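*Asks:* fold the stuff below for me.
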Amino acid sequence: MSLPTDLDPRTGTDGDPFVERAPWRERLHRLVMGPSLGEDVSPHRVELPETAHHESHGLVRRYGRVVASATAGLAGATLIVATAPVWRLAAPSWRLTIPGLPHPGSSLFNGAAFVIGVILMGLGWIGLIGRAERQPGSERRRLWMVAGVFALWCIPVLLGPPLLSHDAYSYAAQGEMASRGIDPTANGPAALGRGEFLRAADPIWRTAPAPYGPVSVEIAKVTVEATGHDAAAAVWGFRALAMVGVVMAAFGVAIIAKSHAISPAVAVAVGIANPLVLLHLVGGSHNDALMLGLLTLGLAALSRDRRALGVVIVALAIAVKLPAALALPYVGWTWYGPGVEMRKRVKATAMVTAASVGVIAVLCAFVGVGSGWVTALKSTGKVTSTFSATTKLGYVASDLIHWIGLDLNADMVVSLFRLAGMALVGLIALVALLRSPRLGLVRAVGLVMVAFVILGPVVWPWYFPAGFALLAAVGLGRYRPSYLVVVFAASLLVWPTSVGAVPSLSRFQHVLGLLVLVAIAGAAFGAQRLSDWNYRRRADGVGLDPGEPDESGPATDVDAVESFATASS
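*Replies:* Numbering: from 1, shown residues only. This next block holds a predicted model:
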């Protein structure tokens, strides 16, 4: 049984806002899940004749929601930036402040300000998604609305200090090294000797070679030289580069979404204009933003059947940061589309990999760096304080082993759990590879990148946006509630350094960290189950046959994901 496309199943009306307003619970569900069963969301509906009063009221309500969402996100971003601490070793620089707001204040004040700010940003983001789906006008107009609101949110972030990370100061030191002819992929910033660049770099990375490729090194070098070898000014340059990467990613996501018959405005709102990207990519000035921008543009070119261009751009993304290399096997495996014998797929994969390695080798020779950046990633594994599920499980298991009286080295136990996590990622990657002709290139890459982060030995929030953006570009369907929960939670995984830890709880950090991960997983699963239940309830309410597929339902664009999940489990 199909539904008439001009009726709202909740009210029996044509969806006109002046006929009958939906209950607030239904409106909230629509923001989170998208349009209801059979609901007409076309921007070109014929509305009932209205009086001048109703027309003005409709305009106020229509654009008032956009303003409310924009204001909430702007207020949240401004509150976080204005109260953010500055890295204690950083060179003095201007920053955004608000009279009356300490920067930073006490640990309690800063913690509360950060949480309130993220909540406001989350509310603004959910509202923006709803407006991207339902705002009248053309798709292009809605896309510009999303871009404009996100640009507004970026303004305070662009004017503040680096947020929630000190990596930008290490980028500056690596750029200074490259400008002096020192290979930063073979030496740590300590090779610079005393000075502002070394002093501002985080001590934990002062002797560690850069795990970044030739494109990242060259861009860091150009940025430092363009800012007059000024350590403070160079950090602002990296903030601008992160913004360029996010803009590139927005274009890539919009192109991919359009080629997959997904609303580009909604895809950009969900995958790019979210608190995770705003706080950690733009705010943290991470080069992950540039990797994300190049990777999405490369996959967008491949989705438009511009294969050579796509491979070159993906190679450039790898030459920024190595995790982008996860896309290479899938590019080759899907090169000829579905229904191709395995021999041709293997040959295409080898061809794509060889071409990419060739491009990267030429870039390394041009920039003057070796291959040390490929192996330098192992230095990041010495961090054990992140919310890595495998690391937390390893430490908790080690504590239990010691509790029962066995003497095993904790590092060895943690290494085993980390290795098991990587093995599971390999299994997921293999299943995704074999099913990638049916899953699609972008969805397969997105799934594997997310799995790689979740099961990896070190989990930083800025690792997530690449996989999340790709999944948003091809449609989340019924999995959107879980996505919203995980994105919001990931935004809170790193707090300002001015928020001190509770000393009495520090000995339980791994157990508490594991409980946090369980809570996030439970919330994501609960959101998914609740949305499925509400979907079935609404389907029953409008007489939809549960056994008959409904093209307007939220699950139709993720049948392949469901098959993949079943196979993986």
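*Asks:* residues touching V494, list them.
*Replies:* 164-165, 280, 460-461 (CB atoms under 8 Å, 6 or more residues apart in numbering). Quick note: C-beta positions are derived from backbone N, CA and C, even for glycine.
*Asks:* cool, and L89?
*Replies:* 169, 199-202.
*Asks:* tabulate those residues in JSON lines, adding columns for distance to E139, pLDDT and neighbour count.
*Replies:* JSON lines is the format used below for the contacts of L89 (distance: CB to CB, whole Å; pLDDT from 0 to 100; neighbours: other CB atoms under 10 Å):
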{"residue": "Y169", "distance to E139": "41", "pLDDT": "95", "neighbour count": "29"}
{"residue": "R199", "distance to E139": "50", "pLDDT": "93", "neighbour count": "17"}
{"residue": "A200", "distance to E139": "45", "pLDDT": "93", "neighbour count": "23"}
{"residue": "A201", "distance to E139": "45", "pLDDT": "93", "neighbour count": "28"}
{"residue": "D202", "distance to E139": "44", "pLDDT": "91", "neighbour count": "16"}
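*Asks:* closest one of the residues you listed to I428?
*Replies:* Checking the contacts of L89 against I428 with CB to CB, the nearest one is D202 at 32.1 Å.
*Asks:* so the closest one makes contact with Y169?
*Replies:* Yes. The pair D202 / Y169 is scored as a contact, 6.8 Å apart, by CB atoms under 8 Å.
*Asks:* ok, now how distant is the residue lying closest to G368 once chain neighbours are set aside from C364?
*Replies:* Of all residues not flanking G368 in the chain, D183 sits nearest, at 6.8 Å (CB to CB, 6 or more residues apart in numbering). Distance of D183 to C364, computed by CB to CB, to the nearest Å: 10 Å.
*Asks:* identify the contacts common to the two.
*Replies:* Each of G370 lies in contact with both D183 and C364 under the rule CB under 8 Å, 6+ apart.
*Asks:* ok, for the residue nearest the centre of the chain, nearest residue in space, not its chain neighbours?
*Replies:* The residue lying closest to the centre of the chain (CA atoms, centre = their mean) is P465, at 1.5 Å. Leaving aside its sequence neighbours, P465 sits nearest to V277 (CB to CB, 6+ apart; 5.1 Å).
*Asks:* helix or strand for the closest residue to Y463 other than its chain neighbours, which one?
*Replies:* Among residues not flanking Y463 along the chain, V453 sits closest, at 4.5 Å (CB to CB, 6+ apart). For V453, the host element (DSSP states H and E) is helix 441-454.
*Asks:* just the CA trace of that helix, in CSV.
*Replies:* The C-alpha coordinates for helix 441-454 follow below in CSV (Å, rounded to 0.1, in the frame of the first residue of the first chain):
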residue,chain,number,x,y,z
LEU,A,441,32.6,3.2,-3.0
VAL,A,442,31.8,6.1,-0.7
ARG,A,443,29.8,4.2,1.8
ALA,A,444,32.3,1.4,2.0
VAL,A,445,35.2,3.9,2.6
GLY,A,446,33.1,5.8,5.2
LEU,A,447,32.3,2.6,7.1
VAL,A,448,35.9,1.4,7.2
MET,A,449,37.2,4.8,8.3
VAL,A,450,34.8,5.0,11.2
ALA,A,451,35.6,1.4,12.2
PHE,A,452,39.3,2.2,12.0
VAL,A,453,38.9,5.1,14.5
ILE,A,454,36.5,3.3,16.9
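*Asks:* what is the helix or strand just after it packed up against?
*Replies:* Under the assignment DSSP H and E, the closest C-terminal helix or strand after helix 441-454 is helix 465-474. Helix 465-474 sits against helix 231-259, helix 264-271, helix 288-303, helix 441-454, helix 480-491, with contacts defined as 3 or more CB pairs under 8 Å, 6 or more residues apart in numbering; DSSP states H and E.
*Asks:* and these, which is most packed in?
*Replies:* helix 264-271 (a mean of 29; mean count of other CB atoms under 10 Å).
*Asks:* helices along the stretch 101-250 of the chain, start to end?
*Replies:* For the stretch 101-250 of the chain, helices defined by DSSP state H, counting those that start in this stretch occupy the ranges 107-134, 139-158, 167-179, 196-200, 214-226, 231-259.
*Asks:* the stretch 251-400 of the chain too?
*Replies:* Assigned by DSSP H, counting those that start in this stretch, the stretch 251-400 of the chain shows helices spanning 264-271, 275-276, 288-303, 307-318, 328-333, 342-367, 372-375, 389-403.
*Asks:* returning to that earlier point: now for the contacts of L89, which pair is the farthest apart?
*Replies:* Among these, the pair separated by the greatest distance (CB to CB) is R199 and D202, at 10.7 Å.
*Asks:* burial of G181, as a residue count?
*Replies:* 7 (other CB atoms under 10 Å).
*Asks:* not counting residues beside it along the chain, what's closest to it?
*Replies:* Distances taken as CB to CB, 6+ apart place G368 nearest to G181, at 7.6 Å, with adjacent residues excluded.
*Asks:* which residues are in contact with the one you found?
*Replies:* Neighbour list for G368: 178, 181, 183 [criterion: CB under 8 Å, 6+ apart].
*Asks:* just these now: which is nearest K221?
*Replies:* Nearest to K221, judged by CB to CB, of these is A178 at 3.8 Å.
*Asks:* can you tell me how far that closest one is from P184?
*Replies:* Counting by CB to CB, the gap from A178 to P184 is 6 Å.
*Asks:* end-to-end on stretch 96-104?
*Replies:* 12 Å (CA to CA, to the nearest Å).
*Asks:* isn't L123 right up against A70?
*Replies:* No. If you go by CB under 8 Å, L123 and A70 don't touch, sitting 11.3 Å apart.
*Asks:* of the helices and strands packed on helix 465-474, which is nearest A220?
*Replies:* Nearest to A220, of all the helices and strands packed on helix 465-474, is helix 231-259, at 7.7 Å by CB to CB.
*Asks:* next one: that closest one to chain centre, how far?
*Replies:* Centroid separation for helix 231-259 versus its chain: 13 Å, with CA atoms, centre = their mean, to the nearest Å.
*Asks:* that one to helix 465-474, inter-axis angle?
*Replies:* Helix 231-259 and helix 465-474 are oriented at 30 degrees to each other (axes from the mean of the first three to the mean of the last three CA atoms, to 10 degrees).
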